[in-house]
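Student: no sequence on hand, only this structure:
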């Protein structure tokens with residue numbers, strides 16, 4: 001049995017973070033679909049009965065793609081998982097922690113005043129045990145705290161024991177829905193009070209409604225005090241053309257190739273999901289098309305059966321413009337008048353609860369035009385639409401309960417395969433145009449019937465080659481559904497006679513098994529690989545090793561696109577992002593030194609961020625620290641590069657990205673470009689952060705052993 005460990009919230013990918021489990025054939029599928037940054041826990045019989053084995057992803061230099069290998073040092077792996085999570089960001093959110101402390105204290109005192117005794121508290125999703133310790137300090141008789149991640153549960157026990165009498169808190173490593181009550185159960189009796197923090201940027205994505213529904217029904221008394229008591233979801237319509245790039249793939253690619261397999265795909269409603277953003281960093285021009293409206297109120301104190309609700313808000317457009325999306329945030333009602341808001345600028349800056357945007361079909365509006373914003377929610381999702389208001393003068397705001405809804409489902413296939421980040425990359429016209437030009441030049445340099453092979457996931461280069469009239473195209477797909485979708489696009493463009501889609505990755509016999517003994521005249525890739533999309537350097541290295549494995553199949557004069565990759569680094573200063581990293585220290589009076597110890601070495605890891613979503617300044621020119629020549633087989637690389645400061649500032653670390661040389665005078669880059677960014681850059685933070693002045697220099701030493709596939713970087717100040 002394998003379950004995915006929380007290895008960092010891919011919040012810009014639009015994913016809901018949770019725990020998956022798989023057995024047998026499903027385990028293979030889990031391995032094929034897990035991302036490079038994830039860690040898998042596999043239950044295996046290793047001779048002494050079932051034991052947990054940790055699997056981490058490594059570049060498979062012998063076959064291409066990823067391989068999942070057992071981690072010998074489980075302690076270090078768990079440290080990495082915790083370091084890559086949003087734990088430090090939450091510990092540094094002073095507004096969140098202070099307001100939770102005030103609310104829990106008031107709630108405990110309210111119970112004591114009402115009942116004349118101290119409450120027994122249930123803490124769902126305790127994390128480090130912070131809220132549980134707040135409840136004990138406020139006067140709780142006992143706290144039962146559940147945490148599904150066993151290592152974090154043990155860490156919570158240790159942190160609690162280092163701060164208060166541990167006899168007051170029982171930490172249970174279970175999902176709250178697996179807790180039992182009664183003699184011999186996890187709780188001896190129902191709890192008097194329920195506290196939790198199972199919220200994401202979209203409010204509902206972590207399952208707060210079903211978890212609270214179960215707890216209120218099965219785990220606490222009927223009139224239990226609940227913290228938080230509820231929440232309100234707010235929304236406003238905005239004019240921001242860049243939002244369309246997160247979703248809309250109906251425009252043909254440069255060269256004329258359509259990404260839509262049929263007419264039904266053109267009407268696709270899928271892929272519209274709440275995508276976390278820092279609203280202040282949305283690309284201009286951005287304008288409000290409506291006032292902010294409350295679209296849903298949620299009462300967390302009352303159990304409710306699963307139901308869908310629809311709200312309708314009538315409004316008049318504030319100006320002439322085009323509605324491209326809905327900007328959404330929420331306000332949490334912690335206890336009585338204690339509230340926390342994710343509205344832009346409402347609290348101190350943090351990076352674990354952001355605003356979100358929901359793309360809608362572009363709709364031209366005139367100032368004063370009467371429209372309706374419709375919102376629908378289920379247990380874990382919310383979606384929006386904008387419709388004409390044909391009932392002017394009717395009730396401005398209404399909510400319908402238990403409605404039948406039609407969730408936006410994907411009919412084009414791409415939203416099933418790709419998150420908003422990848423779709424933004426596919427909508428980058430300059431980038432696709434550069435690839436098209438390089439492939440056109442490549443085709444001109446090979447025989448008319450030369451074989452062209454695309455070894456990247458998604459077959460984007462193959463589609464461009466088809467639009468250029470290539471006669472022999474082979475694309476290699478690693479995902480079953482991606483292969484199916486590309487095959488349908490191939491059939492729709494009537495290219496079956498010229499275009500072969502295969503999942504055969506037996507590179508050593510590729511020519512014989514796939515090409516009928518022919519040689520490859522043109523080898524290409526974006527490069528893009530689903531499992532590595534947050535790590536551009538891994539994608540570049542993967543292409544390099546596949547090219548090396550295919551060397552026997554390459555014709556002597558084969559064109560290779562791209563020809564070269566360069567990994568660039570620069571010193572960087574962030575306006576805010578630094579507060580999400582570093583040591584937790586003391587949080588609301590509770591020492592979190594054990595959390596800091598558990599994250600030891602956090603500054604030796606690379607954190608993927610869409611840096612354009614975070615205000616930052618480069619303190620040095622970008623310099624190449626690793627050059628990869630795709631025209632040559634993979635080989636060891638050693639290099640030393642100096643980054644010299646040209647501006648003063650607080651240096652948080654180094655930022656890196658990859659540039660690709662496609663041909664003479666033609667290149668593409670994954671450097672930060674602002675919202676929406678189709679790529680993440682890697683940030684290596686320093687500990688501690690340091691003030692720098694012009695002229696100071698940092699030496700970056702690169703060591704890459706081709707047989708290992710893992711580049712190592714060391715840093716030293718001159």
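Tutor: Received it, and whenever you're ready, just let me know what you need. No experiment lies behind these values; they were computed from the predicted model shown.

Student: show the pLDDT at residue 25.
Tutor: On the pLDDT scale, residue 25 is placed at 58.

Student: residue 365 and residue 322 touch, don't they?
Tutor: Yes. The pair residue 365 and residue 322 passes the contact test of C-beta atoms under 8 Å, sitting 6.9 Å apart. C-beta: built from backbone N, CA, C; applies to glycine.

Student: looking at those two, which one has more neighbours?
Tutor: Taking other C-beta atoms under 10 Å, residue 365 and residue 322 do not tie; residue 365 has more neighbours (21 against 15).

Student: need the per-residue pLDDT for the closest residue to that one other than its chain neighbours.
Tutor: Using C-beta to C-beta, 6 or more residues apart in numbering and skipping residues adjacent in sequence, the residue nearest residue 365 is residue 317, 4.1 Å away. Looking at residue 317, its pLDDT stands at 94.

Student: what about residue 317, distance to residue 282?
Tutor: 19 Å (C-beta to C-beta, to the nearest Å).

Student: same deal with residue 620?
Tutor: On the measure of C-beta to C-beta, residue 620 and residue 282 end up 28 Å apart.

Student: also residue 111?
Tutor: 43 Å.

Student: likewise residue 675?
Tutor: 5 Å.

Student: and if you look at residue 712?
Tutor: Distance from residue 712 to residue 282, by C-beta to C-beta: 37 Å.

Student: those two - which one has more neighbours?
Tutor: Remark: of residue 712 and residue 282, residue 282 carries more neighbours, 22 against 10, as counted by other C-beta under 10 Å.

Student: so the more buried one touches residue 240, yeah?
Tutor: Yes. Assessed by C-beta under 8 Å, residue 282 is found in contact with residue 240 at 5.6 Å.

Student: got any residues that touch both of the two?
Tutor: Common contact partners of residue 282 and residue 240 (C-beta atoms under 8 Å, 6 or more residues apart in numbering): residue 357.

Student: all helices for the stretch 351-500 of the chain, in order.
Tutor: 414-417, 420-426, 429-444, 460-467, 480-492 (DSSP state H, counting those that start in this stretch).

Student: wait, which of these is closest to residue 337?
Tutor: Closest approach to residue 337 among these (C-beta to C-beta): helix 420-426, 36.6 Å.

Student: what average pLDDT does that closest one get?
Tutor: On average, helix 420-426 scores 95.

Student: and if you look at stretch 271-287?
Tutor: For stretch 271-287, mean pLDDT is 88.

Student: can you check the distance spanned by it, start to finish?
Tutor: Stretch 271-287 has its terminal residues 23 Å apart, counting by C-alpha to C-alpha, to the nearest Å.

Student: check stretch 166-178 too.
Tutor: Start-to-end span of stretch 166-178 (C-alpha to C-alpha) is 23 Å.

Student: which residues are contacting it?
Tutor: In contact with stretch 166-178 (C-beta under 8 Å, 6+ apart) are residues 122, 124-126, 129, 132-133, 136, 140-150, 153-154, 156-157, 160, 179, 186, 210-211, 214-215, 219.

Student: which of those residues count as buried?
Tutor: 122, 124-126, 129, 132-133, 136, 140-149, 153, 156-157, 160, 179, 186, 211, 214-215, 219 (16 or more other C-beta atoms under 10 Å).

Student: where along the stretch 251-400 of the chain do the strands fall?
Tutor: Here the stretch 251-400 of the chain has its strands, by DSSP state E, counting those that start in this stretch, at 275-277, 287-288, 293-299, 309-316, 321-335, 338-341, 355-365, 370-377, 382-388, 397-400.

Student: most tightly packed of those strands?
Tutor: strand 275-277 (a mean of 26; mean count of other C-beta atoms under 10 Å).

Student: residue 253 versus the residue nearest to residue 365, what's the distance?
Tutor: 33 Å.

Student: please enumerate the strands of the stretch 601-718 of the chain.
Tutor: 607-609, 616-618, 623-629, 637-644, 649-663, 666-669, 681-692, 697-704, 712-717.

Student: quick one: strands adjacent to the longest one?
Tutor: In its sheet, strand 649-663 lies beside strand 564-574 (antiparallel), strand 666-669 (antiparallel), strand 681-692 (antiparallel), with partners assigned from DSSP bridges.

Student: can you pull the buried residues of it?
Tutor: By neighbour count on 16+ other C-beta under 10 Å, the buried set for strand 649-663 is 649, 651-663.

Student: ok, stretch 500-517 next?
Tutor: For stretch 500-517, by 16+ other C-beta under 10 Å, it's 500, 501, 505, 507, 510, 511, 514, 515.

Student: next step: the residues you listed restricted to strands.
Tutor: 500, 501 (DSSP state E).

Student: and the buried residues of stretch 500-517, which is closest to residue 445?
Tutor: Closest to residue 445 out of these is residue 515 (19.1 Å), distances taken as C-beta to C-beta.

Student: can you pull the pLDDT of the closest residue to residue 370 other than its chain neighbours?
Tutor: In space, residue 370 comes closest to residue 389 once its chain neighbours are excluded; the distance is 4.0 Å by C-beta to C-beta, 6+ apart. With respect to pLDDT, residue 389 has a value of 82.

Student: which stretches of this structure have low pLDDT?
Tutor: Counting by pLDDT under 70, the chain has low-confidence residues at 1-25, 44-47, 305-306, 392-395.

Student: go ahead and confirm residue 518 touches residue 500.
Tutor: No. Using C-beta under 8 Å, residue 518 is not in contact with residue 500; the gap is 11.6 Å.

Student: could you work out the end-to-end span of stretch 334-348 for me?
Tutor: Counting by C-alpha to C-alpha, you get 17 Å between the two ends of stretch 334-348.

Student: I should have written stretch 341-357 there, sorry.
Tutor: OK, stretch 341-357 end separation, C-alpha to C-alpha: 16 Å.

Student: quick one: contacts of it?
Tutor: Under C-beta under 8 Å, 6+ apart, the answer for stretch 341-357 is 9, 11, 86, 89-90, 92-96, 199-202, 234, 238, 240, 243, 246, 274-280, 282, 325-332, 340, 576-577, 579-580.

Student: among those, which are located in helices?
Tutor: 89, 90, 94, 95, 96 (DSSP state H).

Student: what do residue 675 and residue 282 both touch?
Tutor: Residues touching both residue 675 and residue 282 by C-beta under 8 Å, 6+ apart: residue 242.

Student: please name the bridge partners of the closest residue to residue 437 other than its chain neighbours.
Tutor: Leaving aside its chain neighbours, residue 437 sits nearest to residue 666 (5.9 Å; criterion: C-beta to C-beta, 6+ apart). Under DSSP bridges, the beta-bridge partners of residue 666 are residue 663.

Student: same thing with residue 524?
Tutor: residue 454, residue 561.

Student: distance of the residue lying closest to residue 105 once chain neighbours are set aside relative to residue 100?
Tutor: The shortest distance from residue 105 to any non-neighbouring residue, by C-beta to C-beta, 6+ apart, is to residue 138 (4.1 Å). Residue 138 sits 11 Å away from residue 100 when distances are taken as C-beta to C-beta.

Student: look at these two and report which has more neighbours.
Tutor: Counting neighbours by other C-beta under 10 Å for residue 138 and for residue 100 shows that residue 100 has the greater number, 24 against 21.

Student: so the more buried one, which state does it fall into?
Tutor: helix (DSSP: H, G, I helix; E, B strand; the rest coil).

Student: which residues does it contact?
Tutor: Residue 100 touches 130, 131, 134, 197, 227, 334, 340, counting by C-beta under 8 Å, 6+ apart.

Student: sweet, I'm off.
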